[in-house]
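K.L.:
heads up, no residue letters with this:
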C-alpha cells in the first residue's frame with residue numbers, strides 16, 4: 001500500500017500535493033518522569049513542511065496538540081507530563097495541501113521518581129543536581145567570605161592591642177622609672193616627687 005501511495009505521488013499530473021502517508025516508525029525515547037521525546041520517519045519524497053502531534057492521557061478525553069511548520073525535524077519533546085502516567089501519541093505530517101492521516105497510536109508510560117533514581121548510574125549528573133551543587137558552592141562561598149572578614153577583624157584587634165601592650169611593656173617602664181629616678185637624685189631634690197613649698 002505504501003508503494004501505491006508513492007506511485008500516486010509520482011503520477012500526479014495536475015501539480016497538487018498528493019496524499020501524504022502517515023509517519024512511520026514512531027517511537028518514544030528519553031522517557032523521564034515529566035518528559036519524553038517522540039521521533040518518527042517519513043517516506044522519501046513526501047513534500048512535508050511540518051508535523052502535528054496529538055498527546056493525550058490514556059482514559060482522559062483532553063488532548064494536547066503540538067504543531068510546527070517550516071521545519072525538517074523528525075522529533076519533538078513532550079513536556080509537562082505527569083509522573084507514572086500512560087499517554088497516547090499520534091503524529092501527522094503536514095504539507096502545503098494538508099495533513100497526513102495520523103500514525104498508529106503509540107502508548108507509553110512516564111517514569112516514577114523512584115524508577116528514575118534506580119536507573120541513573122552513579123556517575124550521571126542531572127541538571128537539578130548541577131543547580132543544587134551551584135547553590136551549595138554559593139553558600140559555601142558566603143560562609144568562607146564571612147569567616148575571612150571575621151579573621152581580618154580579629155587580626156586588626158590583635159594588632160591594636162599588641163601596640164597597646166608593647167607601649168606598656170616592662171622595658172619601657174624601666175626606662176621611664178630610670179629617667180624619673182635620675183631626676184630625683186639628691187642634686188635635684190624637687191625632681192621626682194611633688195612637694196609642697198609651704
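P.N.:
Yep, it's here. Here the structure is a predicted model, which means the values were calculated and not measured.
K.L.:
which residues are contacting the longest strand seen in the chain?
P.N.:
In the chain, taking DSSP state E as the definition, the longest strand is strand 86-95. With Cβ atoms under 8 Å, 6 or more residues apart in numbering as the test, strand 86-95 has contacts from 17, 20-23, 26, 28, 36, 38, 40, 42, 46-59, 67, 69, 78, 81, 99-103, 105-110. To be clear about C-beta, it is placed using only N, CA and C from the backbone, and glycine gets the same treatment.
K.L.:
partners of the very next helix or strand once past it, with directions?
P.N.:
Downstream of strand 86-95, the first helix or strand assigned by DSSP states H and E is strand 98-99. Strand 98-99 has the following strand partners under DSSP bridges: strand 86-95 (antiparallel).
K.L.:
ok, back up a step: could I have the buried ones of the contacts of strand 86-95 as PyMOL selection syntax?
P.N.:
Buried residues among the contacts of strand 86-95 (16 or more other Cβ atoms under 10 Å), as a PyMOL selection:
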select buried, resi 20+21+22+23+26+28+36+38+40+42+46+48+49+50+51+52+53+54+55+56+78+81+100+102+103+108+109+110
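K.L.:
name the SS class of residue 158, please.
P.N.:
Three-state call for residue 158 (DSSP: H, G, I helix; E, B strand; the rest coil): helix.
K.L.:
what about it, neighbour count?
P.N.:
Using other Cβ atoms under 10 Å, residue 158 is surrounded by 11 other residues.
K.L.:
before we move on, what about the one 5 residues further on?
P.N.:
The criterion is other Cβ under 10 Å. On that basis, residue 163 has 10 neighbouring residues.
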